[in-house]
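Participant: Okay, predicted coordinates and the sequence, questions at the end:
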Amino acid sequence: MSAPLSFHHDHQSKLWREQISTIRDKAAADVAWASAQINRVVAENRASDARHILEADLLRAAGALSIFGVELSPYLGKGYDCVKSTIQFLKLPIYPCPVEIKKRSQGFTYQVAKYKELPRVLVLCMDHDYINPPEHVDIVALSTLAEYLSH
């Protein structure tokens, strides 16, 4: 499966779509709440005065992401931002996966150059603009997730 943890304008993985659908069927109110939270973070980061908002602001979506099985670990701000994060989709086992927080996914090119042997990593960003990310890099764009959840 290509990009199994990715959710952005070019690719929404089957795992994400099935996870959202399953949770929507079981707990529609939770999905509505998560959608409102993610949409609020996206809207505030898109505001005209948002130029100086730090990337760590995206962590305000952590509670909403946990509804979908993405548990962010503490934000370290060095190395991988949330190195002990986990993901659990559907009835699959818990998958440990470091998470890097970026406003734009293209900002992850520094880590690709610095860390020669990268594990699978999830880049949580506001907007996806990384052209041809490495195969082991999954990208979740909050802006795309917000739009998808709104429908």
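Facilitator: Looks like it came in fine. Numbering: from 1, shown residues only.

Participant: who touches stretch 29-46?
Facilitator: Residues outside stretch 29-46 that contact it (CB atoms under 8 Å, 6 or more residues apart in numbering): 20, 23-24, 50, 53, 57-58, 60-61, 63-65, 67-68, 103, 126, 142-143, 145-146, 149-150. (Glycine included, C-beta is placed from N, CA and C.)

Participant: Surely residue 127 and residue 143 touch.
Facilitator: Yes. Here residue 127 reaches residue 143: they are 5.6 Å apart, a contact under CB atoms under 8 Å.

Participant: where exactly do the helices run in this structure?
Facilitator: 14-26, 28-46, 62-67, 109-114, 142-149 (DSSP state H).

Participant: Point out where this protein drops to low pLDDT.
Facilitator: Along the chain, the parts satisfying pLDDT under 70 run over 1, 115-116, 118.

Participant: 50 instead?
Facilitator: Across the chain, nothing is flagged by pLDDT under 50.

Participant: Identify the residues contacting residue 72.
Facilitator: Residues counted as contacts of residue 72 (CB under 8 Å, 6+ apart) are 59, 62, 65-66, 82, 85, 99, 124.

Participant: from those, which would you call buried?
Facilitator: Buried members of the contacts of residue 72, scored by 16 or more other CB atoms under 10 Å, are 59, 62, 65, 82, 85, 99, 124.
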